[in-house]
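Novice: no sequence on this one, just coordinates:
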RNA sequence: CGGGGCGUGGCGCAGCCUGGUAGCGCGCACCGUUCGGGUCGGUGAGGUCCACGGUUCAAAUCCGUGCGCCCCGACCA
């Protein structure tokens, strides 16, 4: 199929000077991608083969659940984006055409697909339906990073389901869960399906598919039978020993101690025996959020608990309503108090006294101040879910599933007539998948000192055939013949026919990371054999020249 | 948006502080050598030093402006 002398595969000995992530370094070094600008990347031929192999697997799994592939444009009129209220999103690229009309570059395609469905679907008989496409997405990210892991332009598979009601949406959603589970298994990635934030853009449920890797931007909380994005994870906190509480809170002099650590150290208490007060403002009203001293407020969980956007209170607001920053607390606070569920209502905690250089010891929430119990803290490693300890892992989001409900069908008037002739809104779901991120995640997960080690399903080639020997040698003649036979056996072969030394050929083959490397050289040819190296695990064996192609094809099918 | 850093042949970098002939390694071309782990030797090509402006007899180097790129943070009182 491909001779290396004819392939545009510019490998580099050294990674770009500014690269940090493994996938960034290796994908550039291996000649798969090249940078055009910040967050803008070209896919070179070998890299594009990887991308398209991934795409094909996704396509097959989408078709299997009845998805219909189509294509929508990247350039949109602004109007539908205004209708859904998303025109104001900062990440949305906006531009004007020559007539001065407002246009946008698609960051996703809910507006357009819903418009098509709204215009064409009339009857309950037209539903349910799953439509999808692979198309470029444009997002003006505040900070692109790590090669192809976070870019401003990327291809996404986005699918949309249209159902008659919420029960129908559940069915469509479950089909996608199954399709996604299958595709990530087929891709050979390590992955987790985790509970995810539905976001403030409406929606009633969400999952993310996370590929664990060091360069990941997210963290997932994992326990036996449990997996969630830390943004939404919920768990039982580890208990903290509390000193016995006195009959009433006592003042403690704590000069200049404005941090949890300073107070905990001075009073010889664990940080978890203190309460941290976090004043926020919601719709111009201040509220006091309280978490344990060793915990952190999770802003996404807090937003969900509040049911509204919030901001941290300014220092002057804190001073006016409570006390000097660093010494604030819930006792006597004239505002609603949200108490994190990890706090024992009957415990005796230390809190700020709302006066300079003073804290209170022995504060018992249920006795000393009114509160509403909420779960608004970030889980930490060692917390438990159903008795199992949580661990946290960095991961990259490679897919997501959203139950949109009528978030888009309402403003875009996507409705149908039911059996009684009554108009009903269409229930929608949306389902994203990132081929580029999946490729990068595979590089991150399986790379070693030598380079990339692709899962069989996404490798640019199944086999790299390396010939050692000069032009006109016996090795060359045999390699040429093997090259043809391997292709006839159904394998995608990259044939390194360059006039280069063995070290260079081996190093490049390991960098590119095809699952199997074949070596035709004098050493084994004398015994009538060629060598097979498995990239993953670096195992090596020999096989007779006769029937070698069939043997390799059989071996390949057993690889991960 | 805040903070830090960088921009010099294709790639990775030095030179800048202290202004005065633009360097190194790799790669590339050619010749020879070698041929199971980036072999060795020789010859050679290749650079508006990000851009513009300023200072100076003289600017890669100093000053200013702009552009581009990377990293960290975007949060708890």
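Specialist: Everything's here; your move. No experiment lies behind these values; they were computed from the predicted model shown. Numbers count the residues shown, from 1 in each chain, chains lettered A, B, ... in the order given.

Novice: From now on I want contacts and neighbour counts done on CA atoms only, so please keep to that.
Specialist: OK.

Novice: Same question for stretch A:88-104: list its buried residues.
Specialist: For stretch A:88-104, the neighbour count (16 or more other Cα atoms under 10 Å) marks A:92-94, A:103-104 as buried.

Novice: average pLDDT for it?
Specialist: Here stretch A:88-104 scores 88 as its mean pLDDT.

Novice: Now do it: distance from first to last residue.
Specialist: 11 Å (Cα to Cα, to the nearest Å).

Novice: quick one on the thing from earlier: next, give me the two most distant ones among the buried residues of stretch A:88-104.
Specialist: Using Cα to Cα, the two most remote members of the buried residues of stretch A:88-104 are A:92 and A:103, lying 10.3 Å apart.

Novice: quick one: residue A:496 from RNA strand B, how far?
Specialist: 12 Å (Cα to the nearest atom of the strand, to the nearest Å).

Novice: Take the buried residues of stretch A:88-104 and keep only those in strands.
Specialist: Among the buried residues of stretch A:88-104, DSSP state E puts A:94, A:103-104 in strands.

Novice: export those residues to JSON lines and tack on distance to residue A:551?
Specialist: Formatted as JSON lines, those follow (distance: Cα to Cα, whole Å):
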{"residue": "A:94", "distance to residue A:551": "56"}
{"residue": "A:103", "distance to residue A:551": "56"}
{"residue": "A:104", "distance to residue A:551": "54"}
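
Novice: Out of the residues you listed, the closest to RNA strand B would be?
Specialist: Comparing those against RNA strand B with Cα to the nearest atom of the strand places residue A:94 closest, at 15.4 Å.

Novice: give the contact list for that closest one.
Specialist: A:102-105 (Cα atoms under 8 Å, 6 or more residues apart in numbering).

Novice: Tabulate those (TSV), appending distance to residue A:149.
Specialist: Putting the contacts of residue A:94 into TSV (distance: Cα to Cα, whole Å) gives the following:
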residue	distance to residue A:149
A:102	30
A:103	27
A:104	23
A:105	20
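
Novice: Go back to those and keep what's next to RNA strand B.
Specialist: When Cα under 7 Å from any atom of the strand is applied, no member of the contacts of residue A:94 is adjacent to RNA strand B.

Novice: need the contact list for residue A:213.
Specialist: A:393-396, A:441, A:444-445.

Novice: Quick check: residues of the stretch 201-350 of chain A near RNA strand B?
Specialist: Checking the stretch 201-350 of chain A against RNA strand B by Cα under 7 Å from any atom of the strand, the hits are A:258-260, A:276-280, A:296-299, A:312-315, A:318, A:325-328.

Novice: ok, residue A:275 touching residue A:292?
Specialist: Yes - contact criterion Cα atoms under 8 Å: residue A:275 and residue A:292 qualify, at 4.7 Å.

Novice: who touches the longest helix along chain A?
Specialist: With DSSP state H setting the assignment, residue counts place helix A:166-187 as the longest helix in chain A. Under the criterion Cα under 8 Å, 6+ apart, residues A:54, A:57-58, A:61-62, A:64-65, A:128, A:130, A:161-163, A:190-191, A:401, A:403, A:405, A:427-429, A:431, A:455, A:457-458 lie in contact with helix A:166-187.

Novice: Any of these buried? List them.
Specialist: Members of these classed as buried by 16+ other Cα under 10 Å are A:54, A:57-58, A:61-62, A:128, A:130, A:161-163, A:191, A:401, A:403, A:405, A:427-429, A:431, A:455, A:457-458.

Novice: Grab the nearest non-local neighbour of residue A:365.
Specialist: Nearest residue to residue A:365, sequence neighbours excluded (Cα to Cα, 6 or more residues apart in numbering): residue A:345, at 5.0 Å.

Novice: where's the one you found relative to RNA strand B, distance?
Specialist: 20 Å.

Novice: Could you do residue A:71 as well?
Specialist: 28 Å.

Novice: pretty sure that residue contacts residue A:116?
Specialist: No - between residue A:71 and residue A:116 there is no contact, the gap being 11.8 Å when judged by Cα under 8 Å.

Novice: neighbours around residue A:477, how many?
Specialist: 14 (other Cα atoms under 10 Å).

Novice: quick one: contacts for it?
Specialist: With Cα under 8 Å, 6+ apart, residue A:477 has no contacts at all.

Novice: host element of it?
Specialist: In this assignment (DSSP states H and E), residue A:477 forms part of helix A:474-488.

Novice: and that helix, which residues are buried?
Specialist: Neighbour-count burial for helix A:474-488 [16+ other Cα under 10 Å]: A:475-476, A:478-479, A:482-483, A:485-487.

Novice: What sits closest to residue A:219 if chain neighbours are left out?
Specialist: residue A:394 (4.4 Å).

Novice: so the one you found sits right up against residue A:222, yeah?
Specialist: No - contact criterion Cα under 8 Å: residue A:394 and residue A:222 do not qualify, at 10.8 Å.
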